[in-house]
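Asks: Okay, sequence plus prediction incoming.
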Amino acid sequence: MTVTASPGTIGVGRRWAMLAASTLAQACAAIMMHGAAFLIPTLHQRDGLSYAQAGLVAAAPTVGVMATLVLWGALTDRYGERVVLLTGLAGTAVLGALGFATGGLVGLAILIGLAGACAASTSAASGRVVVGWFPPARRGLAMGIRQMAQPVGVGVAAITMSVVAEHHGVHAAVLVPTLATALAALVVGLVVVDPPRPERKALPSDNPYRGNDYLARIHTVSVLLVVPQFVVWTFALVWLQQDRGWSAAAAGTMVAVAQVFGALGRIAAGQLSDMVASRMRPLRWVAIAAALVMALLGAAASVGSAVAVVLMIAATVLTVADNGLAFTAVAERAGPFWSGRALGIQNTAQFLTSSIVPPVGGLAVTALGLPAAFALAAVFPVLAAPLVPVREERPPN
């Protein structure tokens, strides 16, 4: 059932509480979506999988996410944000529990893939809660806070799932996102109310994709920028353990610290976009900076320099800073009756790419080594920077 309220009945404190609940929902879902990447060392060393095979297991949740994002967006457009969040989070928790209980890696991969499909519900729905309850002048900051959920979730996964997997096996590690999403469902049920929408007849009914390529270019830029993001997310832990000789606990902690900085970077990028009244100009700046730091990371890692660890942290920050900017811009341009589907398309393209990166990246790492894989990832933000539609941007509603 849809639970809505008028703007006058919701105070500032409640809006921030809904932002917190939406951020929690996305963070807990992100543990399921991306946590499997931190099972790769255990899958390779204990279970005997090659890096490419382990990458396929790690990609299972993102494949599930990619397959259902547009559907969840359409359901959000039709039925509202709250019911979609509750349904998806509860389904994620149930499927995660089944994954913990199942035997064998094939069954585990299938169930975490289905859990990822349910976790995808948070991508559009939680973002729309923020866009719907915050005005344009504060929306960049609010969405930056909400977008910090993904790196925070990844950080939690890095510091917990890798250690649990090392000591108790990959099945036990799945309990981490299972319990997290169950908690998030409870909080959403207590806090979130659907934002109000204008009368449908008062808005243009035209498809926002018709007549211009603004949204398509943002989707393309986001796809290109997700490659270095997932190269770092997927292989930073492996690099720290394999090339730098760190323990699983130390490497997981460092990745988690980097993700915290990445979360703060998203907030800073959102605040910057509010200050300059533009989402696209900061998006281009991020692309340029990401290209530079990935190239430097590859060079430093190739010579074994300790500076490479610092550059890994910088790469983690810069390669995630674009997401909130693009996500906010898509929601603003698409409007309240198309944003669910538009955000579904946005995230589908990103998750399709992120599903490809672990296995293909595994092949690149096997053939060329981790430093070369980092350096090659710099090509993608170089291609993205000139495609950012800065001139086509218009003030948000």
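Replies: Looks like it came in fine.
Asks: tell me which residues of stretch 116-126 are tucked away?
Replies: For stretch 116-126, burial by neighbour count (16 or more other C-beta atoms under 10 Å) applies to 116-126. Bear in mind the C-beta positions are built from the backbone N, C-alpha and C, glycine included.
Asks: can you check stretch 65-83 too?
Replies: Within stretch 65-83, the residues scored as buried using 16+ other C-beta under 10 Å are 65-73, 75-77, 79-83.
Asks: Identify those among those residues that sit within helices.
Replies: Here DSSP state H is the test, and those give 65-73, 75-77, 79, 81-83 as lying in helices.
Asks: for those residues, which one is nearest residue 237?
Replies: Of all those, residue 65 has the smallest distance to residue 237: 20.5 Å, by C-beta to C-beta.
Asks: who's in contact with the residue nearest to the closest one when sequence neighbours are not counted?
Replies: The shortest distance from residue 65 to any non-neighbouring residue, by C-beta to C-beta, 6 or more residues apart in numbering, is to residue 120 (4.2 Å). By C-beta atoms under 8 Å, 6 or more residues apart in numbering, the contact list for residue 120 reads 29, 33, 64-66, 68-69, 72, 88, 347, 351.
Asks: Next, residue 120: phi, psi?
Replies: phi -60, psi -20 (degrees, to the nearest 10).
Asks: Quick one: list the elements packing against the one helix or strand residue 86 maps to.
Replies: Under the criterion DSSP states H and E, the helix or strand holding residue 86 is helix 81-101. Other helices and strands packing on helix 81-101, by 3 or more C-beta pairs under 8 Å, 6 or more residues apart in numbering; DSSP states H and E, are helix 12-34, helix 51-79, helix 105-119, helix 121-133, helix 170-173, helix 175-191.
Asks: Just the CA trace of it, in PDB.
Replies: The C-alpha trace of helix 81-101 is given here as PDB (Å, rounded to 0.1, in the frame of the first residue of the first chain):
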ATOM      1  CA  GLU A  81       8.700   4.200  -3.200                       C
ATOM      2  CA  ARG A  82       7.800   2.700   0.200                       C
ATOM      3  CA  VAL A  83       6.200  -0.500  -1.000                       C
ATOM      4  CA  VAL A  84       9.000  -1.200  -3.500                       C
ATOM      5  CA  LEU A  85      11.700  -0.700  -0.800                       C
ATOM      6  CA  LEU A  86       9.900  -3.000   1.600                       C
ATOM      7  CA  THR A  87       9.300  -5.700  -0.900                       C
ATOM      8  CA  GLY A  88      12.800  -5.600  -2.300                       C
ATOM      9  CA  LEU A  89      14.600  -5.500   1.000                       C
ATOM     10  CA  ALA A  90      12.500  -8.400   2.500                       C
ATOM     11  CA  GLY A  91      13.200 -10.500  -0.600                       C
ATOM     12  CA  THR A  92      16.900  -9.800  -0.400                       C
ATOM     13  CA  ALA A  93      17.000 -11.000   3.200                       C
ATOM     14  CA  VAL A  94      15.000 -14.200   2.500                       C
ATOM     15  CA  LEU A  95      17.200 -15.200  -0.600                       C
ATOM     16  CA  GLY A  96      20.400 -14.400   1.300                       C
ATOM     17  CA  ALA A  97      19.300 -16.700   4.100                       C
ATOM     18  CA  LEU A  98      18.600 -19.500   1.500                       C
ATOM     19  CA  GLY A  99      22.100 -18.800   0.000                       C
ATOM     20  CA  PHE A 100      23.700 -19.300   3.400                       C
ATOM     21  CA  ALA A 101      21.800 -22.600   3.900                       C
END
